[in-house]
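Novice: no sequence on this one, just coordinates:
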């Protein structure tokens with residue numbers, strides 16, 4: 001039997017090439033290897049400040065890029081997190097068995113709190129519990145993550161153990177599936193990871209048109225660290241790449257890298273535009289995926305309610 005893999009995609013802004021390579025580039029292959037659950041983690045995205053209309057646009061754009069990247073609703077269960085209310089219910093039960101000390105030591109909570117000093121809400125701390133509910137609901141075997149997310153998978157494993165020890169064997173402990181993609185660094189501050197929340201000129205977006213990509217690459221930092229960063233990108237995006245071809249020729253490196261990036265994302269860029277015009281079809285896809293996910297979640301929650309003494 002195929003193992004089950006689950007990935008949530010947060011709609012928190014425009015998708016840059018680092019996001020794509022880290023969590024989206026493997027979608028096609030994963031659908032062939034595993035039983036896949038892919039979902040829009042819209043509840044998770046509410047923990048930081050946002051504007052309502054922008055949030056709707058972010059969700060729509062994320063769905064369009066995922067579908068353009070090869071996500072096939074016939075080969076996976078694709079749904080919107082907020083359509084499955086059982087996730088929130090399970091998170092509450094998990095809140096009642098998870099020691100707060102485990103949440104206080106989460107490094108991502110500390111990082112997000114530092115970046116959102118005017119909105120340090122309870123959701124920032126409880127985020128990993130909801131993530132555990134997302135994961136454990138579907139008896140997931142593997143969760144594709146970067147190294148910075150492994151702590152969340154460890155908490156999900158701990159949560160499964162806490163619940164199972166108290167109420168009986170119910171949840172499977174998942175394993176992290178580490179992605180081997182190196183960090184994609186900022187164009188303007190190449191010692192930092194590329195981020196959509198920083199200087200817009202520092203990140204190449206999946207939806208950027210060729211002329212925009214060229215403009216950003218031309219303005220990329222060209223000191224020793226910056227050129228090293230561009231050469232690293234060249235290995236991925238320039239055909240027949242050889243670093244020696246660009247020795248003392250930064251203009252050639254930047255020009256060919258920009259062209260390589262534009263070519264690499266050309267098909268996704270065009271398919272994204274098509275999907276952005278298909279609101280009705282997208283809603284049908286999400287409704288069908290939610291129906292599949294909900295049927296599994298309801299069975300799991302019937303079992304959970306009995307075990308905690310509510311039925």
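Specialist: Yes, it's here. Everything numeric here is computed off the predicted structure, so don't read it as measured data. Residues are numbered from 1 along each chain as shown.
Novice: which other residues reach stretch 36-45?
Specialist: Contact with stretch 36-45 is made by 4-12, 27, 30, 55, 58-59, 62-63, 66, 71, 75-82, 87-88, 127, 130-131, 134, 138, 140, 286, 293, as judged by C-beta atoms under 8 Å, 6 or more residues apart in numbering. Placement of C-beta: from N, CA and C, glycine included.
Novice: now that stretch: how far from the chain's centre is it?
Specialist: 8 Å (C-alpha atoms, centre = their mean, to the nearest Å).
Novice: ok, which stretches of the stretch 201-311 of the chain are helices?
Specialist: Taking DSSP state H, counting those that start in this stretch, the helices of the stretch 201-311 of the chain run over residues 210-218, 224-237, 250-264, 266-275, 279-308.
Novice: Output the ones you listed as a markdown table; include the columns mean pLDDT, mean neighbour count and distance to residue 36.
Specialist: Shown next, in a markdown table, are the helices of the stretch 201-311 of the chain (pLDDT from 0 to 100; neighbours: other C-beta atoms under 10 Å; distance: least, C-beta to C-beta, whole Å):
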| stretch | mean pLDDT | mean neighbour count | distance to residue 36 |
| --- | --- | --- | --- |
| helix 210-218 | 97 | 17 | 30 |
| helix 224-237 | 95 | 17 | 24 |
| helix 250-264 | 98 | 18 | 23 |
| helix 266-275 | 98 | 15 | 19 |
| helix 279-308 | 98 | 15 | 11 |
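Novice: Figure out which of those helices is closest to residue 106.
Specialist: Smallest distance to residue 106 across the helices of the stretch 201-311 of the chain (C-beta to C-beta): 23.7 Å, for helix 279-308.
Novice: so where's the chain shaky on pLDDT?
Specialist: Within the chain, the stretches with pLDDT under 70 are 109, 113, 116, 180-182, 197-198.
Novice: Give the residue farthest from the middle of it.
Specialist: residue 248 (37.2 Å; C-alpha atoms, centre = their mean).
Novice: what's the distance between that residue and residue 222?
Specialist: Residue 248 sits 12 Å away from residue 222, going by C-beta to C-beta, to the nearest Å.
Novice: same deal with residue 160?
Specialist: Applying C-beta to C-beta, the value for residue 160 to residue 222 is 49 Å.
Novice: more neighbours, the two?
Specialist: Taking neighbours as other C-beta atoms under 10 Å, residue 160 and residue 222 compare with residue 160 leading, 22 against 16.
Novice: Pull the number of nearby residues for the nearest residue to the more buried one once chain neighbours are set aside.
Specialist: In this structure, residue 160 finds its nearest non-sequential neighbour in residue 171, 4.0 Å apart by C-beta to C-beta, 6 or more residues apart in numbering. Residues near residue 171, counting by other C-beta under 10 Å, number 26.
Novice: Also residue 310?
Specialist: Residues lying near residue 310 (other C-beta under 10 Å) number 9.
Novice: Phi first, then psi, for it.
Specialist: Torsion angles at residue 310 (phi, psi; degrees, to the nearest 10) stand at phi -90, psi -10.
Novice: quick one: which helix or strand includes the residue nearest to residue 160?
Specialist: Taking DSSP states H and E as the definition, residue 171 sits outside all helices and strands.
Novice: okay if I get the helices of the stretch 201-311 of the chain as TSV plus distance to residue 244?
Specialist: Listed next are the helices of the stretch 201-311 of the chain as TSV, based on distance: least, C-beta to C-beta, whole Å:
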stretch	distance to residue 244
helix 210-218	20
helix 224-237	11
helix 250-264	11
helix 266-275	27
helix 279-308	46
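Novice: With respect to residue 183, which of those helices lies nearest?
Specialist: helix 224-237 (9.5 Å).
Novice: Can you name every helix or strand that the closest one contacts?
Specialist: helix 250-264 (3 or more C-beta pairs under 8 Å, 6 or more residues apart in numbering; DSSP states H and E).
Novice: Could you figure out how far the helix it packs on is turned away from helix 210-218?
Specialist: 140 degrees (axes from the mean of the first three to the mean of the last three C-alpha atoms, to 10 degrees).
Novice: Having no further points to raise, I will conclude here.
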